[in-house]
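>>> any chance you could fold what I've pasted below:
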Amino acid sequence: MQVKTIVLAAALSMGPSLLHAQFDFRVGDRNVQVHSFASQGYMYSNVNNYMTMKTSQGSFAMTDGGVNASVQLTDKFRVGGQVYVRDFGRMGDWHPQLDWGYADYRFKDWFGVRGGKVKTELGLFNNTQDNDSLHTFALLPQSVYPTDLRDSTISHIGGDAYGNIPIKHLGSFSYDVFVGDRRDTKYGGYSLMVQDRGITIDNYGGLQYGGDLKWTTPLKGLLVGGSHLIEVVTGTGQTTCTQSKASVDCAMWTAKTNGNYEEYSKKAYSNYFYGDYSIGNLRLDTEYRRYWRDQAVWNGLWAVWSDTRGYYSSAAYRFSKRIEIGGYYSRFTCSWVSGGIGPKGPTTKPPSLNTSLPANHIYDKVATLRFDITKYWNIKVEGHFMDGYGTNQSPDGFYDTSNTQGYKPKTNLLLIRTGWSF
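Next up is the predicted model:
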């Protein structure tokens, strides 16, 4: 893996000088647009390891890239797709995946439909998190856009209806309603998190549906909106409690289930509320996300309620064509409770966790300096100052198997990331 990382890093350093040529081409009378991107990062933390990397020793294991193509077949009909690969510590492990691939027919400005593997419209940035060049920050606020869950949140297999409706004197409203199937890969954060608990997930996913509504207000530069997502997710696999990582609960449940594992959502939803304001070279964003899940685990023998809440406020200012600075404060808290043996779990909800404890929150103060070396190449230098590690509700960047010596309550992290796109 180190060889691959070094090769890609070298390619990144040479790439910007080669990207002035476009790779678009024509099929008949139609222009096929081809774009690509790649990035290489370096992380160093003073104590805890982050994102499954050995960041306390310094790590270059943060590499990703993708290629996409699209073509406008008629004035109203468009098709496209993107292949993506990453190696973030143990996440991705260089396995390529189809990020999205769709067919889109726009009947009118106020109504269109998409089908295939479609980007999921949630919040301000979920549908653009695959394009690092669009963002000031090297890592989006993890309280709302966890990199651990990128493979499952960025898209769904299904269909959307969407449109934009202008209303006189009130600005315009953009909507997107969707239904489809969510799928997590075994190289994503959720699978790695349950591995820390002695569980191997073979299959994880299920139905999801919801919608997003954005209001471009009459006040120039101000956009507000909200999203709602409902999930019906099931996971199956095996339990493998070993001497090195077994707990009493893990060993007990493995014996009760003969090593087979199943979990499912009885109720799961996410709500997003957000605002974006731009004036001149200044951009201000804020966003709130609440995720609630009532789930049955260990083949229905145990119940867990998950209640995680995250929000951030960010600011970015572009001083010149080449230099931009930014910062955000991101706050993540988890309050989950569990208990009860039997097919329906407990009959009453136990007390919530104390979110003031470092195991139940992550407060992240971030400062970023972005250099746009050329139109195609940027470098971001970013500092994270984190209070807490939130391991009672992973995945959130901190993993037990990457921190076998335990956790310190505060983490300072330096991230340098360079990327190119065309």
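>>> ok now stretch 355-370, how far from the chain's centre?
17 Å (Cα atoms, centre = their mean, to the nearest Å).
>>> name the residues of that stretch that are buried.
Under the neighbour-count criterion of 16 or more other Cβ atoms under 10 Å, stretch 355-370 has 355, 358-364, 366, 368, 370 buried. The C-beta positions use only the backbone N, C-alpha and C, and glycine is treated the same way.
>>> for stretch 229-241, same thing?
Neighbour-count burial for stretch 229-241 flags 229, 231-233, 235, 237, 239, 241 (criterion: 16+ other Cβ under 10 Å).
>>> hang on, the earlier thing: could you export the buried residues of stretch 355-370 as TSV, including pLDDT, distance to Phe77 and secondary structure?
Shown next, in TSV, are those (pLDDT from 0 to 100; distance: Cβ to Cβ, whole Å; DSSP: H, G, I helix; E, B strand; the rest coil):
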residue	pLDDT	distance to Phe77	secondary structure
Thr355	89	49	coil
Pro358	93	52	helix
Ala359	90	51	helix
Asn360	92	49	helix
His361	94	47	strand
Ile362	96	44	strand
Tyr363	97	47	strand
Asp364	98	43	strand
Val366	98	41	strand
Thr368	98	39	strand
Arg370	98	37	strand
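>>> which one of those sits closest to Thr200?
The shortest gap between Thr200 and any of the buried residues of stretch 355-370 belongs to Ala359, at 24.3 Å (Cβ to Cβ).
>>> which positions in the lengthiest strand in the chain come out as buried?
Secondary structure of the chain per DSSP state E: the longest strand is strand 260-279. Residues of strand 260-279 classed as buried: 261-265, 268-270, 272, 274-277 (neighbour count, 16+ other Cβ under 10 Å).
>>> reformat those as a markdown table; add pLDDT.
Converted to a markdown table, the buried residues of strand 260-279 look like this (pLDDT from 0 to 100):
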| residue | pLDDT |
| --- | --- |
| Tyr261 | 87 |
| Glu262 | 89 |
| Glu263 | 88 |
| Tyr264 | 88 |
| Ser265 | 86 |
| Ala268 | 91 |
| Tyr269 | 95 |
| Ser270 | 95 |
| Tyr272 | 97 |
| Tyr274 | 98 |
| Gly275 | 98 |
| Asp276 | 98 |
| Tyr277 | 98 |
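>>> re the thing from before, and of the buried residues of stretch 229-241, the nearest to Val297?
Out of these, the member with the shortest distance to Val297 (by Cβ to Cβ) is Gly235, at 8.7 Å.
>>> doesn't the closest one belong to a helix?
No - using DSSP: H, G, I helix; E, B strand; the rest coil, the assignment for Gly235 is strand, not a helix.
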